[in-house]
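Sequence first, then the predicted structure:
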Amino acid sequence: MDPQKPPSPPPPPAPPEGCLVVAVRLPVRIVVLVLVVPVRMVWDALVVTGRLLRDTVLRPLGRALLWTGRALFVWPFVGLWRYVLVPLGKALGWLGRVLVVVPALWLHRYVLTPVGHAVAWLARGIGAGLAWVYARVLCPAGHALTWLLKGVGAVLAALGTGVSTAVAWLARYLVVVPARWLYTWILAPVGRAVAWCARGLGRLLALLATGVGLALYWTARVLLVLPALALWRWVLAPVGRFLAVVAREVAEALGHAWRVAGRISRAVGRVLGTLFRWIFVEPVRWVYRTVLTPVGHAVRHAVLRPVAAGVRAVGRATREALTSARDTVRQARAEFRRMLFGAPPRPAAGDRREPVARDTRTLGRSTTALTKD
């Protein structure tokens, strides 16, 4: 057993291409590349612009619109549902239970149920009376009427048997026998003759139709089918193959030109980005790093920090002044209240120490220092 995997079979060779394919491919690819490169560069520029607009304009705008929609539509409806509709629904449910459900239950339990029991007892009594009438009166009368009808039916059946026998004999010799003779000696021979004539006429018509059909078939074949077949085989099929080759090559040329145009567009974009960085970004970075940053540090140390310290000192002094003014107003208000209503009474000081001797709290007694007499 060989431990190594057998080599994979080589791919099947591509079918050979004709001179027509080779002659069409190169000019088509050149023309398509010249036409596709500007389109691909415009497309890449539009893609970059669209991504920039999406990240810097559309996404913040969408978030702002989403927050505005929530603030204008969602949150008011949530507040309406939570603080108006839900309490109103609970209040209506409580009112419905108190005003409808509880009286209905009381009416069903103490009025309708006893009335229903009384009606059921009365119905059972009426049903028992009707059952006694059916068993003692209607059933015997029905049996007697049935026996009488059976007797009348037997008499009528005996009379009907004799009458039916006579009617059947008359129908047999007046209708059936003459009809059978008429069918056997007149209608059957006439029908056979008519059928033989119809079969002969049908065979004649079939022969005529076959001849006409063959004539029309060969006429249509010679005048329509053979010219159409020759046109398809010697004109349309070669033209279609040529157009298929041209269409396939154009499609492959478009794909190849789109990929090549993408690489060209990427290279042009990198060149433009490098130029933009050298012309604009690097000078701005150098100015920011060597000019604006030292100036900003100097302004921060010389101006902003002293101004901030002064502002903090002013704020601290203002807070202290406001605190002292608030304490003064509070003391003046307390003095004015004491002058009008007098000093408030002081609570009496109670002895909150533990009791001594035998009155102390223990684990074995139920009385404590707070509950004892």
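Noted; the coordinates are in hand.

How many residues are close by Val246?
14 (other CB atoms under 10 Å). C-betas here are computed from N, CA, C, even on glycine.

Is it in a helix, a strand, or coil?
helix (DSSP: H, G, I helix; E, B strand; the rest coil).

can you check the one 10 residues further on too?
In the three-state summary, His256 is assigned as helix, counting by three-state DSSP.

residue ranges with poor pLDDT in this protein?
Scanning the chain for pLDDT under 70 picks out the ranges 1-25, 343-345, 347-373.

quick one: the spatially most central residue of it from Leu88, how far?
Nearest to the geometric centre of the chain sits Val74, at 21.9 Å (CA atoms, centre = their mean). For Val74, the distance to Leu88 (CB to CB, to the nearest Å) stands at 20 Å.

Span of stretch 101-110 from start to end?
Stretch 101-110 has an end-to-end distance of 14 Å (criterion: CA to CA, to the nearest Å).

Give me the contacts around that stretch.
Stretch 101-110 has contacts (CB atoms under 8 Å, 6 or more residues apart in numbering) with no other residue.

now the strands: where do they sit in the protein?
In the chain, no strands are found when defined by DSSP state E.

if you skip the residues just before and after it, what's nearest to Ile264?
Nearest residue to Ile264 in three dimensions, chain neighbours excluded: Val37, at 6.0 Å (CB to CB, 6 or more residues apart in numbering).

Next: Val48.
Once flanking residues are discounted, Val48 sits nearest to Gly269: 7.7 Å by CB to CB, 6+ apart.

wait, doesn't that neighbour sit right on Val47?
No - taking contacts as CB atoms under 8 Å, Gly269 lies outside contact range of Val47: 10.5 Å.

Comparing those two, which shows the higher neighbour count?
Gly269 (14 against 11).

From Thr49, how far out is the more buried one?
Gly269 is 12 Å from Thr49, by CB to CB.

Kindly report the same for Leu80.
43 Å.

try Val57
11 Å.

Gln331 and Arg233, how far apart?
120 Å.

So for stretch 79-95, first residue to last residue, what's the gap.
23 Å.

and it, how far out from the chain's middle?
Centroid separation between stretch 79-95 and its chain, computed with CA atoms, centre = their mean, to the nearest Å, is 31 Å.

Stretch 145-157 now?
So, by CA atoms, centre = their mean, the centroid of stretch 145-157 is 75 Å from its chain's centroid.

Using CSV, write down the CA coordinates of that stretch.
Coordinates of each C-alpha in stretch 145-157 appear next as CSV, following Å, rounded to 0.1, in the frame of the first residue of the first chain:
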residue,chain,number,x,y,z
LEU,A,145,-105.2,1.7,13.6
THR,A,146,-102.2,-0.3,12.3
TRP,A,147,-104.2,-3.6,12.5
LEU,A,148,-107.1,-2.0,10.6
LEU,A,149,-104.8,-0.6,7.9
LYS,A,150,-103.1,-4.0,7.5
GLY,A,151,-106.5,-5.7,6.9
VAL,A,152,-107.5,-3.0,4.3
GLY,A,153,-104.1,-3.5,2.6
ALA,A,154,-104.5,-7.2,2.4
VAL,A,155,-108.0,-6.9,0.7
LEU,A,156,-106.5,-4.3,-1.8
ALA,A,157,-103.5,-6.5,-2.5
